[in-house]
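> Take this sequence and fold it.
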Amino acid sequence: MITTQGHQQDADLNGLLYGFVFRPGQPGREIDSSEARELMLAPRDTEEFLWLHMNLAHAACERWMKGSLDLPETFFATLREGSRSTRIEHADTALLAVVNDVVFNFGMVSSDVSTLWACVRPRLLVSTRLQPLHSVDRLRSSVKRGEQFSSTIELLVHLFGDQGDVLTQIVRETTMNVDRIEDQLLSQRLSDNRADLSAMRRVLVRLQRLLALEPGSLLRLLNRPPDWLQEQDIRQLRAATEEFSVIINDLTALGERIKLLQEEIAAKLTEENNRTLFTLTVVTVLALPINIIAGFFGMNVGGVPLSEDPNGFWVLVVLVATFTALAGRWAFRKRGDY
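Residues are numbered from 1 along each chain as shown. Next comes the predicted model:
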């Protein structure tokens, strides 16, 4: 018990959240930072490889990685740069990957998107993050359940697959909300929930910007892969990125559907406003003749026409009716414009 606590404390001091050592055909075995350092310094078993997941917010994390792990300086430069665009590229003799993980929420703030920076070598996968990621938790759960991995690339591909699962859930839930609002539109029951469309569209646009894989980086990688990258690894990476691109395309298509739905709702609201304005115009036009005549004959001055005529009232009724009929006919002729 004392040894376990010491190992856990050592891991915390060095910023290692958890680590595993793998052999092909065998489940991963969890290790701490001390054992990880020993394995890195000892002669390497050609079939053995490690996955170390680091807490970048830990003060000692970067110092321990520089002192204990053979990582390219480009990786640390990427961490300091803080770039969050999803990509995978070849740097020195390693692969550098930036993967974004999403906590789905329409009221999205910066904390809803977490970024994973990974460095991949033949016998070592180092992943770092500032905030917890669901995709990494899924990968850790798979390892703890005894799922077997044959290479570090297979671990990275699993991360891309978990990210695709997150996006698929986003597309599914957003589609359900869009269907609900579309049903309300078709049944002429527009509610205040239509404002959700704008929020959903903003979220989708942001996700596309953060999660869409940079095509140039993958193309450069496939054209000039590292020497240690096997043909099977390249096929796995290409398949994972193609599946990821399909999900991104689904996000784009859903965004276009929301845009069309917004335009349809705007058109219906404009039509309703036009009908309301038409009704007000008709009322105003019909009331205009009687207001003009009443104002004209209501002046308290001498010489008002028909003031002494016993049939003056009926003459005014005929005048008002005639002008009102003419005004109504003109107004209703304009009805076709609405």
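> Number of residues surrounding the closest residue to F49 other than its chain neighbours?
Leaving aside its chain neighbours, F49 sits nearest to R123 (4.3 Å; criterion: CB to CB, 6 or more residues apart in numbering). No exception for glycine: its C-beta is placed from N, CA and C like everyone else's. Counted by other CB atoms under 10 Å, the residues lying close to R123 total 18.
> And the host helix or strand of L316, what's buried?
L316 belongs to helix 312-333 when elements are defined using DSSP states H and E. Going by neighbour count (16 or more other CB atoms under 10 Å), the buried part of helix 312-333 is 316, 320, 323-324, 327, 331.
> try stretch 250-264
By 16+ other CB under 10 Å, the buried positions in stretch 250-264 come out as 250-251, 254-255, 257-258, 261-262.
> if you average pLDDT over it, what comes out?
Stretch 250-264 carries an average pLDDT of 84.
> quick one: contacts of that stretch?
167, 170-171, 174-175, 178, 181-182, 185, 197-198, 200-201, 204-205, 207-208, 211 (CB atoms under 8 Å, 6 or more residues apart in numbering).
> Recalculate using a threshold of 7 Å.
Here stretch 250-264 makes contact (CB atoms under 7 Å, 6 or more residues apart in numbering) with 167, 171, 174-175, 178, 181-182, 185, 197, 200-201, 204-205, 207-208.
> Could you give the separation of that stretch from the chain centroid?
Using CA atoms, centre = their mean, to the nearest Å, the mean C-alpha position of stretch 250-264 is found 13 Å from that of the whole chain.
> Over to stretch 272-281?
That offset, for stretch 272-281, works out to 39 Å (CA atoms, centre = their mean).
> count of residues packed around the closest residue in space to N100 that isn't next to it in sequence?
Among residues not flanking N100 along the chain, L210 sits closest, at 5.0 Å (CB to CB, 6+ apart). Counted with other CB under 10 Å, residues neighbouring L210 total 15.
> change the start of the numbering to 74 and stick with it
OK, 74 is where the count begins now, so the last one is L283.
> How about residues contacting whatever helix or strand L283 lives in?
Using DSSP H and E, the element containing L283 is helix 269-284. Helix 269-284 is contacted from outside by 157, 159, 173, 175, 179, 181, 186, 240, 243, 247, 250, 254, 321, 324-325, 327-328, 331-332, 334-335, using CB under 7 Å, 6+ apart.
> Stretch 142-159 too?
Residues contacting stretch 142-159 (CB under 7 Å, 6+ apart): 113, 129, 135, 138, 164-165, 167, 169, 171-173, 188, 190, 192, 197, 199, 201, 283-287.
> tell me how far the ends of that stretch are from each other?
End-to-end distance for stretch 142-159, by CA to CA, to the nearest Å: 24 Å.
> Pull out the buried positions in that stretch.
142, 144, 148-149, 151-152, 157, 159.
> which other helices and strands contact the helix holding L389?
helix 304-370 (3 or more CB pairs under 7 Å, 6 or more residues apart in numbering; DSSP states H and E).
> and the helix it packs on, how far out from the chain's middle?
Mean C-alpha position of helix 304-370 versus that of the full chain (CA atoms, centre = their mean) differs by 21 Å.
> Equivalent analysis for stretch 185-204, please.
On CA atoms, centre = their mean, the centre of stretch 185-204 falls 21 Å from that of its chain.
> With only the CA atoms kept, save it in CSV.
Output of stretch 185-204 as CSV, limited to C-alpha atoms (Å, rounded to 0.1, in the frame of the first residue of the first chain):
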residue,chain,number,x,y,z
ASP,A,185,-16.4,23.3,-23.9
VAL,A,186,-13.6,22.7,-26.4
SER,A,187,-10.5,20.9,-25.1
THR,A,188,-7.3,20.3,-27.0
LEU,A,189,-5.0,17.3,-27.0
TRP,A,190,-1.4,17.7,-28.2
ALA,A,191,0.3,14.3,-29.1
CYS,A,192,3.7,13.2,-30.1
VAL,A,193,4.0,9.8,-31.7
ARG,A,194,7.1,7.7,-32.2
PRO,A,195,7.5,4.0,-33.0
ARG,A,196,7.6,3.0,-29.3
LEU,A,197,6.1,6.0,-27.5
LEU,A,198,2.9,8.0,-27.6
VAL,A,199,2.9,11.1,-25.4
SER,A,200,-0.4,13.0,-25.1
THR,A,201,-0.8,16.3,-23.2
ARG,A,202,-3.8,18.4,-22.3
LEU,A,203,-4.8,21.4,-20.2
GLN,A,204,-8.4,20.2,-19.5
